[in-house]
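Enquirer: For reference, the sequence and a predicted model appear below.
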Amino acid sequence: MTQREIFFVANEVNELGGVGRWQHQMARLLSERGHRVRIIGISPPEVPMDLGAHPPYETLTLYDRRPPGRRKPRLGLGRFDPAVRRQEASRRAVAERLSRAFRAARPGAVIIVTQVWAMEWVALADTAGHLVIGMSHESFGATRHSSRFARVRRYYQDVDRLLVLTQEDADRWAVEGLTHVSFLPNPLPLTPDAPSPRTEKAVASIGRLDHAKGVDLLLDTWAEAAPRQPGWLLRIYGTGEHEAALRRQCTDLGLDDSVEWAGRTDDVVGALRRSSVFVQSSRGEGFPLVLLEAMACGVPCVAFDCSPGVREIVRNGEDGLLARHGNVSELADHLGRLMADENLRDTMGERARQNVRRFAPEVITRRWEELFAFLER
């Protein structure tokens, strides 16, 4: 195995969230394989994640605070606008710090740009002699309807490889002309020693309390499902800007007796082992780690089929149940089916625990190393 120098260049070194968790897991896995790994963030995080006392990799943040977005030139001045020229000069000065780090690395280093905003600085840096892999951690559909679509097409068109999370998304990017695209799923974040006993009448939801995670849709779902299965509890883990509005919705729906607001948890395994079913009601996802975690704990999942990543993880009817995107009644029916049938919960939970091993860390890490070797040819 060739030992390499690997740079992760991200929006932030330690932003709390799915991309941040993935980034640090992969940095640790590759470090354990003997690679020298560094994580470089463009700006400090709004909500930091604890990296532990001695992470096995180096970190660097380029700005003291988040830099402003690119200025548009004033009418008639174009690229000669002094304010635009000053901003570009500042960006190039910061990009030079990246260049110095890349130049100090041995030839053949790998630069993995985990988010397209960070690629704006990598594009200004000297990457000569190194592989550059650009990544998108969201579905093609989510990117297509955002400003990131144009930036992916612009900044990733000349990288050595564009990497997404599923074959379906890779195919859609190829149709857009980015034919240097491949896919690699996220690795399993945890491997608990024992599964959930699935004896507690509890359904778990874990995620931010914001629009994207669709907890408002989950409450509507629970209003249909809970009366059919008395005695069950919906335990909602997470915090966020919509919490007050969601609590009011819960009260208005008459659900206060069957919903528990559990707040943020650092013990995901413990939360899942106290549950018999996991539910995800997101409006959009990339490759959700929490579904992998629930399945690793032997907890069958019910979710909206909102992205290729969700249906890549959950095999509908085999190890979990998927409802059509946004169809609250169908999600409620699936929940009710699992809540009512202990044998079905156990069967799907055990299948989930076995099936999710295809995303085992050692499997995904080996695929990364195979990609490095392929691109080096």
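Expert: Structure's in. What do you need? Residues are numbered from 1 along each chain as shown.
Enquirer: When you work out contacts or count neighbours from here on, use the C-alpha atoms and nothing else.
Expert: OK.
Enquirer: Which stretches in the stretch 51-200 of the chain count as helices?
Expert: 82-104, 116-122, 140-144, 148-155, 167-175 (DSSP state H, counting those that start in this stretch).
Enquirer: which of those helices is buried the deepest?
Expert: Comparing the helices of the stretch 51-200 of the chain by mean neighbour count (mean count of other CA atoms under 10 Å), helix 116-122 comes out on top with a mean of 22.
Enquirer: Output that one as CSV - backbone C-alpha positions only.
Expert: Presented in CSV, the C-alpha positions along helix 116-122 are these (Å, rounded to 0.1, in the frame of the first residue of the first chain):
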residue,chain,number,x,y,z
VAL,A,116,-17.5,23.5,-3.5
TRP,A,117,-17.2,26.8,-1.6
ALA,A,118,-13.8,25.7,-0.4
MET,A,119,-12.9,24.9,-4.1
GLU,A,120,-13.0,28.6,-4.8
TRP,A,121,-9.7,28.9,-2.8
VAL,A,122,-8.2,25.7,-4.1
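Enquirer: could you give the mean pLDDT of it?
Expert: Across helix 116-122, pLDDT averages out at 96.
Enquirer: Please name every helix or strand in contact with it.
Expert: strand 5-10, helix 82-104, strand 131-135, helix 148-155 (3 or more CA pairs under 8 Å, 6 or more residues apart in numbering; DSSP states H and E).
Enquirer: Minimum distance to D50: which of those has it?
Expert: strand 5-10 (16.4 Å; CA to CA).
Enquirer: And the closest one, what's buried?
Expert: Of all the residues in strand 5-10, those buried under the rule 16 or more other CA atoms under 10 Å are 5-10.
Enquirer: what residues does stretch 202-212 touch?
Expert: 213, 215, 232-243, 271-272, 274-280, 282-284, 290 (CA atoms under 8 Å, 6 or more residues apart in numbering).
Enquirer: Report all helices and strands that the lowest-mean-pLDDT helix or strand in the chain contacts.
Expert: Least confident helix or strand of the chain, by mean pLDDT, DSSP states H and E, is helix 82-104 with a mean of 90. Under the contact definition 3+ CA pairs under 8 Å, 6+ apart, helix 82-104 sits against helix 116-122.
Enquirer: Please pick the buried ones from the contacts of stretch 202-212.
Expert: So, by 16+ other CA under 10 Å, the buried ones in the contacts of stretch 202-212 are 213, 215, 232-239, 243, 271-272, 274-280, 282-284, 290.
Enquirer: Can you flag which of those residues belong to helices?
Expert: Among the buried ones among the contacts of stretch 202-212, DSSP state H puts 215, 243, 271-272, 290 in helices.
Enquirer: now, which of these sits nearest E138?
Expert: Closest to E138, out of all of those and judged by CA to CA, is V290, at 14.7 Å.
Enquirer: Okay, and the beta partners of the closest residue to the closest one other than its chain neighbours?
Expert: Residue nearest to V290 in three dimensions, not counting chain neighbours: I206, with 7.3 Å by CA to CA, 6 or more residues apart in numbering. As for beta bridges, I206 partners with Y237 under DSSP bridges.
Enquirer: how near is L131 to A101?
Expert: 14 Å (CA to CA, to the nearest Å).
Enquirer: Also K201?
Expert: Distance from K201 to A101, by CA to CA: 53 Å.
Enquirer: Repeat that for P227.
Expert: Taking CA to CA, one finds P227 at 60 Å from A101.
Enquirer: Could you pull out the strands in the stretch 201-350 of the chain for me?
Expert: With DSSP state E, counting those that start in this stretch as the criterion, the stretch 201-350 of the chain has strands at 202-206, 233-237, 259-263, 277-280, 301-305, 320-324.
Enquirer: and those as TSV, adding mean pLDDT and distance to T114?
Expert: Below are the strands of the stretch 201-350 of the chain laid out as TSV (pLDDT from 0 to 100; distance: least, CA to CA, whole Å):
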stretch	mean pLDDT	distance to T114
strand 202-206	98	24
strand 233-237	98	27
strand 259-263	97	29
strand 277-280	98	25
strand 301-305	98	25
strand 320-324	98	29
